[in-house]
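Participant: This is the structure alone, sequence omitted:
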């Protein structure tokens, strides 16, 4: 389950409802005090890692109706009750876009604000007698079936969901309409309890954090790691919790019974209650520096670097995991107190992290350094209008123009080369190959360092880029090299032949296509086998990948077979296959690259094509 959109209303500066689409990597960009932090904090309240404060209610709005709505997609694995085969579709809990939209409403006028309702905004039955089934108890559902003359013979009456299903199936026209389905009512509580286990974990790292000995700078990211670890063994911990509660309740009950024998009047005033705390509160962590110096005694830049490297560690770990619970990393102004080189390093870490399965990254910034190097599709520009009005522009050239006007986005004059590729995985491929060849003693450009120093800017061809946009706007005439996947097997033209011709017509710019299907075809199968073996997965692959073999699919299928699944690869749903292929692609451009050697590259690239790319990059850099 992943967050797709958030809408807030009557919260701080947002009186009228305002919506923000959320990508895997989303950047909220704007000047100070336009409402970026309000969005981050609203999400923290929705995901129950923070509480609504009385001052959070909009001063000019309706404080009794503070509303935060989150829409989720990637819902394929959400099952509300495995015993009775019910899901979001069966319970009519999806909206018109096929998403799960949950709206939480709070009364912010109280001294201690409270949650007043949890609703699913869904296309739900509105036909008479069929619109309120989720709110009915079991006996009431059976009574409703009798009223509507619905036959329940053969229906499992031990749970509510089979009875609801039988009732809805008996209706000729359910008249589905947009409805707020209450989930904190009788029947809805069961649904909400099941849904809560699928909601993403939300980890918010604020820019104005305290610097106490163990707090927040180092503690918060590690606390997020603790929460993830606890979630991974939640079923086992639940067994422990239930066992302890049962045993303690037994002895507590026996104590009251014995007391009743001696003094019934006292026993009547006692009621054994067992309460539990959250598992993550049992663990404490701390990070100390050299000679045991606490982190809070170090400089602000060092403290922020702890956070940066937490993200880097998470990104590396995520590349090894085939699946994990969804998590949203929200970080305010990640560039704070960092050298420009570290800002670029952080940007790479955030990109890596957001590409992992079930991982989303949400950042705020008013610094051009971070905004201009992100794809336009990731940018959300926030602007304050007249009076109470706020506006959000989401992606596209107009967003870039507004950011440039507002923040003064200028091109980076240290740029020596724009390197165009098809996507983020290709960026990692090229940097990994350069790293491997350098380690082997070959004279190739150090693409990682060149990127960190701002001399090479990678531009994913799949979407425009603010840095590239700004450079063209100001006519810097920097060299460009575009490396495109061929995709099409000869004698057909490369897929992007027309685009390549256009680039090659520009002075100082080149575009080339791979001789093979895509960059992954240059990897050696033995590197793939070793990388997966390190994770306990034994694969069987051919000695060399064919030039136009779909390598991510081949590897994904091999991993599926190695996992011993009862479902044949060919019988998997298309969406599930796609997920497995994406996971394989991440591995191929991550851990597999670390297993490549110059000798393996000689075998998988006998014509020296990749070394040729590196030579071309060097020539363009030297010319500049």
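Facilitator: Sure thing, it's come through. Just so we're clear, the structure is a prediction, and the values are computed from it rather than from any experiment. Numbering: from 1, shown residues only.
Participant: any idea how far residue 488 is from residue 497?
Facilitator: Between residue 497 and residue 488 the computed distance is 9 Å (Cβ to Cβ, to the nearest Å). For glycine as for every other residue, the C-beta is placed from the backbone atoms N, C-alpha and C.
Participant: Run through the neighbouring helices and strands of the longest strand that the chain contains.
Facilitator: Across the chain, the strand with the greatest residue count (assigned by DSSP state E) is strand 114-125. Under the contact criterion of 3 or more Cβ pairs under 8 Å, 6 or more residues apart in numbering; DSSP states H and E, strand 114-125 touches strand 100-107, strand 176-182, helix 186-196.
Participant: ranking these by burial, who's on top?
Facilitator: Each of the helices and strands packed on strand 114-125 was scored by mean neighbour count; the highest is strand 100-107, a mean of 22, by mean count of other Cβ atoms under 10 Å.
Participant: Partner strands of that strand, with direction?
Facilitator: When pairs are called by DSSP bridges, strand 100-107 turns out to pair with strand 66-73 (antiparallel), strand 114-125 (antiparallel).
Participant: Include mean pLDDT when you put the ones you listed into CSV, please.
Facilitator: Output for the strands paired with strand 100-107, formatted as CSV (pLDDT from 0 to 100):
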stretch, mean pLDDT
strand 66-73, 96
strand 114-125, 95
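Participant: right, so of those, which gets closest to residue 436?
Facilitator: Across the strands paired with strand 100-107, residue 436 has its closest neighbour in strand 66-73 (37.1 Å, Cβ to Cβ).
Participant: in the closest one, what's buried?
Facilitator: Buried residues in strand 66-73, counted by 16 or more other Cβ atoms under 10 Å: 66-73.
Participant: and the chain, what are its domains?
Facilitator: Following automatic domain parsing, one finds the domains of the chain at 203-220+296-407, 417-515+608-623, 520-604.
Participant: Over to the second one now: how far is its first residue from its last?
Facilitator: The first and last residues of domain 417-515+608-623 sit 10 Å apart, counting by Cα to Cα, to the nearest Å.
Participant: For residue 602, the count of nearby residues, please.
Facilitator: 12 (other Cβ atoms under 10 Å).
Participant: can you give me how far the longest strand of the chain is from the chain middle?
Facilitator: Distance of strand 114-125 from its chain centroid, counting by Cα atoms, centre = their mean, to the nearest Å, is 24 Å.
Participant: Could you point out which residue ranges in the stretch 501-624 of the chain have low pLDDT?
Facilitator: With pLDDT under 70 as the threshold, the stretch 501-624 of the chain has low-confidence stretches at 624.
Participant: what ranges do the helices span in it?
Facilitator: 525-533, 551-562, 574-588, 591-594, 598-604, 609-623 (DSSP state H, counting those that start in this stretch).
Participant: Quick one: closest of those to residue 428.
Facilitator: Ranking these by proximity to residue 428 (Cβ to Cβ) places helix 591-594 first, at 7.0 Å.
Participant: Show me what the closest one is packed up against.
Facilitator: Counting contacts by 3+ Cβ pairs under 8 Å, 6+ apart, helix 591-594 is packed against helix 424-439, helix 525-533.
Participant: hmm, back to that, the strands paired with strand 100-107: which one's closest to residue 538?
Facilitator: Closest to residue 538 of those, according to Cβ to Cβ: strand 66-73, at 34.1 Å.
Participant: Throw the helices of the stretch 501-624 of the chain into TSV and include distance to residue 441, thanks.
Facilitator: Listed next are those as TSV, based on distance: least, Cβ to Cβ, whole Å:
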stretch	distance to residue 441
helix 525-533	19
helix 551-562	28
helix 574-588	25
helix 591-594	18
helix 598-604	8
helix 609-623	13
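Participant: Those: which one's closest to residue 454?
Facilitator: Among those, helix 609-623 comes nearest to residue 454, with 13.0 Å by Cβ to Cβ.
Participant: which residues touch that closest one?
Facilitator: With contacts defined as Cβ atoms under 8 Å, 6 or more residues apart in numbering, helix 609-623 is touched by 416-417, 419, 430, 433-434, 437, 442, 444-445, 447, 450, 455-456, 479, 481, 483, 508, 510, 512, 514-515, 522, 601, 605.
Participant: Of these, just the buried ones, PyMOL syntax please.
Facilitator: Of the contacts of helix 609-623, the buried ones can be selected in PyMOL as follows, counting by 16+ other Cβ under 10 Å:
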select buried, resi 416+417+419+430+433+434+437+444+445+447+450+455+456+479+481+483+510+512+514+522+601+605
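Participant: where exactly do the helices run in the stretch 151-300 of the chain?
Facilitator: Taking DSSP H, counting those that start in this stretch as the test, the helices found in the stretch 151-300 of the chain are 160-170, 186-196, 216-232, 234-262, 264-267, 300-318.
Participant: Summarise which helices and strands the first one is packed against.
Facilitator: In this structure, helix 160-170 packs against strand 86-87, helix 138-147, helix 186-196, with contacts taken as 3+ Cβ pairs under 8 Å, 6+ apart.
Participant: Any chance of TSV for these, columns mean pLDDT?
Facilitator: Converted to TSV, the helices and strands packed on helix 160-170 look like this (pLDDT from 0 to 100):
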stretch	mean pLDDT
strand 86-87	83
helix 138-147	92
helix 186-196	80
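Participant: Let me know which of these is the nearest to residue 359.
Facilitator: Comparing the helices and strands packed on helix 160-170 under Cβ to Cβ, the one sitting nearest is helix 186-196, at 19.9 Å.
Participant: how far off helix 138-147 does the closest one point, in degrees?
Facilitator: Relative orientation of helix 186-196 and helix 138-147, computed by axes from the mean of the first three to the mean of the last three Cα atoms, to 10 degrees: 120 degrees.
Participant: Show the contacting residues for the nearest residue to residue 22 once chain neighbours are set aside.
Facilitator: In space, and not counting its chain neighbours, residue 22 is closest to residue 3: 4.8 Å by Cβ to Cβ, 6 or more residues apart in numbering. Contact analysis of residue 3 by Cβ under 8 Å, 6+ apart lists 22, 43, 70-72, 200, 328, 360.
Participant: Take those and write them to a markdown table, including distance to residue 555.
Facilitator: Shown next, in a markdown table, are the contacts of residue 3 (distance: Cβ to Cβ, whole Å):
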| residue | distance to residue 555 |
| --- | --- |
| 22 | 30 |
| 43 | 35 |
| 70 | 34 |
| 71 | 33 |
| 72 | 29 |
| 200 | 27 |
| 328 | 28 |
| 360 | 25 |
